[in-house]
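# Quick one, what's the 3D model for this:
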Amino acid sequence: MEFSYDFTDIEMPEGDFVSRLISLDMNLAFNTRWSWVNLMQYDNDSDTVGLNSRLHWQPQAGEDLYLVLNYNTDSLDGAFRGLKVRDSELVLKYTRNFRF
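Sure thing, here's the model as predicted:
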């Protein structure tokens, strides 16, 4: 698990601005075949909160199955308050290597 907060104060001739990025990474490996990777972020520039969550299964070498959830919200009243859904998607992805 990792939490980070990036603060950037920019001064330019065209104007000054402050950028804030808050991130939370939570990764869990159940065993050698199953893992779950999560990333949640907020930034004050776009005023959005985003979640990317991936469940990964590798039944054998060269074969992978992913279930991915992407969920983005507009934060109307600041970080993590007044959330309104912007977009969301659920994706199932299967890959396999063919060797010959």
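# now the host helix or strand of S19, how far from the centre of its chain.
In the assignment (DSSP states H and E), S19 maps to strand 15-29. Computed by C-alpha atoms, centre = their mean, to the nearest Å, the chain-centroid distance of strand 15-29 equals 10 Å.
# How about it, which residues are buried there?
Of the residues in strand 15-29, I22 count as buried by neighbour count, 16 or more other C-beta atoms under 10 Å. (Glycine included, C-beta is placed from N, CA and C.)
# list the helices and strands that strand packs on?
strand 2-12, strand 34-43 (3 or more C-beta pairs under 8 Å, 6 or more residues apart in numbering; DSSP states H and E).
# Of those strands, flag the one that's most buried.
Most buried of the helices and strands packed on strand 15-29 by mean neighbour count (mean count of other C-beta atoms under 10 Å) is strand 34-43; its value is a mean of 16.
# Next SSE downstream of it?
Using DSSP H and E, the helix or strand that directly follows strand 34-43 along the chain is strand 48-60.
# For that next one, name the packing helices and strands.
Contacts defined by 3+ C-beta pairs under 8 Å, 6+ apart place strand 48-60 against strand 34-43, strand 63-75.
# which residues of this structure score low on pLDDT?
Across the chain, the ranges flagged by pLDDT under 70 are 76-83.
# hang on, isn't S4 packed against R20?
No. If you go by C-beta atoms under 8 Å, S4 and R20 don't touch, sitting 11.1 Å apart.
# how about a markdown table for the helices and strands packed on strand 48-60, with distance to G50 added?
Below are those laid out as a markdown table (distance: least, C-beta to C-beta, whole Å):
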| stretch | distance to G50 |
| --- | --- |
| strand 34-43 | 5 |
| strand 63-75 | 5 |
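# Identify whichever of the ones you listed lies nearest to E11.
In terms of C-beta to C-beta, the element of these nearest to E11 is strand 34-43, at 19.2 Å.
# Tell me which other helices or strands that closest one touches.
Identification of packing neighbours for strand 34-43 by 3+ C-beta pairs under 8 Å, 6+ apart yields strand 15-29, strand 48-60.
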